[in-house]
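Chemist: build me a model:
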Amino acid sequence: MERLMPGSPALTHDLIRLREPIRLTADEPVPSWVEPVLKRTPWVVVRRGHIRDRMTPVGVRGLTRSQRFAAFVEFAETVERLSPEDLTTSRCVIERNPKGRAPALAALTRVAPILACRGCRWGPGGSVGFEIATAATTARLSSDLDLILRQDRRLEPSDAIALLDALAEAAAPVRIDVMLETPCGGVALADLAAAPRHVLVRTPDGARLSADPWMEGVS
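Modeler: Purely as a prediction, here's the structure:
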């Protein structure tokens, strides 16, 4: 777990613990469910967006899939941060498979060796990552296994297909959702494996199409 210094940058998908759970800035009224959720589990997820006025764009997870809220938190309110990569370093997380745990959490132990062999920076996101980081029960029986891969080098469609097939086989019957974080933004591994002329890239300014998300610009 990393203790942040004021102004330390956070990356999309990072999880941050708040100093004051209800000190949020938002462009719309804060739903009533947000305060009790953050008082119980004072963690938010860094969402894709731009820092503004020394505030980080974050998302609040509620108790249901429909409860998601976009907000901003001041740098000074961030006490600790965990990246998806940090969540793979705990031996108890990767190696233990407690009876009764959600299938997606158990699937993580099966895909870990595949990704470790690639030598890439990766980690769990979504409900699985949130549960590992906070100890709050968020992964359900039907939860997908969301994976984040920091992919600085170009991944060819043929390699994307091979990786997707290997992960899907290891995770089965759990469905996997893999997001590649490229220099230009987030690209779904499944989209890249389909080898389209342009892939959808998720950027801080919204989704855009790109012929090559590893190039400097997105067109």
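Chemist: over to R140. Which of the three states is it?
Modeler: With DSSP: H, G, I helix; E, B strand; the rest coil as the basis, R140 sits in coil.
Chemist: residues near it, how many?
Modeler: Neighbourhood size, R140 [other CB atoms under 10 Å]: 13. Quick note: C-beta positions are derived from backbone N, CA and C, even for glycine.
Chemist: what about stretch 177-188, how long is it end to end?
Modeler: 8 Å (CA to CA, to the nearest Å).
Chemist: please enumerate the strands of this protein.
Modeler: Using DSSP state E, the strands of the chain run over residues 2-3, 15-18, 43-46, 55-61, 68-74, 78-82, 121-124, 145-150, 176-182, 185-188, 199-203, 206-210.
Chemist: direction included, what does the second one pair against?
Modeler: Each strand that pairs with strand 15-18, with its direction, by DSSP bridges: strand 43-46 (antiparallel), strand 78-82 (antiparallel).
Chemist: how's this structure carved up into domains?
Modeler: Following automatic domain parsing, one finds the domains of the chain at 2-82, 85-210.
Chemist: so can I have CSV of the ones you listed showing mean pLDDT?
Modeler: Below are the domains of the chain laid out as CSV (pLDDT from 0 to 100):
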stretch, mean pLDDT
domain 2-82, 87
domain 85-210, 89
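Chemist: my guess is R48 contacts A10. True?
Modeler: No: assessed by CB atoms under 8 Å, R48 is found out of contact with A10, at 11.6 Å.
Chemist: quick revisit: out of the strands paired with strand 15-18, deepest packed?
Modeler: strand 43-46 (a mean of 23; mean count of other CB atoms under 10 Å).
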